[in-house]
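S.K.: Would you be able to build a 3D model of this:
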Amino acid sequence: MKLYTIAWQNRPLVCLENRPGRLTPLPYETMNHLLADRPDHRAGVLEKAGKGSGEFALAEVQVLAPIPHPRQDVICLGMNYQKHKTEAERFDAAAFTREKAQAVYFSKRATHCPGPGAPIPGHFDLVDSLDYETELAVILGRDAKNVTEAEAFDYVFGYTIVNDVSARNLQTGHKQWYFGKGLDGFTPMGPCIVTKEAFPQPPAQAIRTWVNGQLRQEAVTDQLIFSIPHILRELSQGMTLQAGTIIATGTPAGVGMGFDPPRFLRAGDVVRCEIEGIGVLENTVEG
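M.R.: Here you go, the predicted model:
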């Protein structure tokens, strides 16, 4: 099951793809409202919409980020694929080396998430090393507190693609990652949310990135160092994860800083992020 947010009459409209390429509107003001709904009521709404007429053609509408304005910052995992961890440490050992084998969590400011086709602002007055990171993002459909690994997927609503755009000079220069990853427009998301039933648990989907048609990243989403159940168990101990929480689970090797010399993004570059079963998120860097 795929859910989209589209632009319709100057406002966002939440829709279900109930037939291939056809969208039926849902009775929610935003995707945040859908995610905050009671799971049993939401399931009934989606079941009813699944029988709808599909009044919009997906190919004829403007697709926005599924959650254009998240309720809170995105929770992110750093260096959660082994090969990416290695390339990050090689790029800047002081900034990226971790002595203990613990998950690296950080938050990413995301007041507005660009959708498919929207530009990525380069902020080149501040940034001299703009980078890309395609990530599988987990979206919660229930409040989670003190969750066990065995029940973790009960709290997952679905998945989407996030490009964790990063300014490496700000990230390493400030010795923390919030500023370098939280500039306006640095969280492209889309094209849709795929509900968890579509994938195995954990998802084992091909994840790839192209820059100007050149394949840069390629892995499978079940190669995470710290699994989705581990993440939800650890974060929910003493912290309530609200319905609608977005968790970006990390990026594989092949980011720009991983090359020698580095291959950072420039104005006009086209970044294509793809996760099997979710779709394609493509954006152009704006100068």
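S.K.: What's the local residue count around the residue nearest to Arg109 when sequence neighbours are not counted?
M.R.: Excluding the flanking residues, the one nearest Arg109 by CB to CB, 6 or more residues apart in numbering is Gly182, at 3.4 Å. From N, CA and C alone the C-beta is placed, and that goes for glycine too. Neighbour count for Gly182, taken as other CB atoms under 10 Å: 21.
S.K.: mind listing the helices in this structure by residue range?
M.R.: With DSSP state H as the criterion, the chain has helices at 31-36, 39-49, 82-91, 93-96, 168-173, 178-181, 228-235.
S.K.: mean pLDDT lowest for which of those?
M.R.: Among the helices of the chain, helix 93-96 carries the lowest mean pLDDT, a mean of 60.
S.K.: where are the low-confidence patches of the stretch 1-150 of the chain?
M.R.: The model of the stretch 1-150 of the chain has pLDDT under 70 over residues 84-85, 88, 91-100.
S.K.: ok, back up a step: with respect to Phe157, which of the helices of the chain lies nearest?
M.R.: Using CB to CB as the measure, helix 31-36 is the one of these that comes nearest Phe157, at 6.2 Å.
S.K.: Mind pulling the model confidence for the residue nearest to Arg109?
M.R.: Predicted confidence (pLDDT) for Gly182: 98.
S.K.: before we move on, back to that, which one of the helices of the chain lies nearest to Leu16?
M.R.: Nearest of those to Leu16, taken as CB to CB: helix 39-49 at 4.5 Å.
S.K.: quick one: Asp269 and Trp210 touch, right?
M.R.: No - assessed by CB atoms under 8 Å, Asp269 is found out of contact with Trp210, at 10.4 Å.
S.K.: Figure out which of the helices of the chain is closest to Glu151.
M.R.: Shortest distance between Glu151 and these, using CB to CB, is found for helix 228-235: 8.6 Å.
S.K.: what sits against Glu218?
M.R.: Contacts here follow CB atoms under 8 Å, 6 or more residues apart in numbering; on that basis Glu218 touches 206-209, 252, 254.
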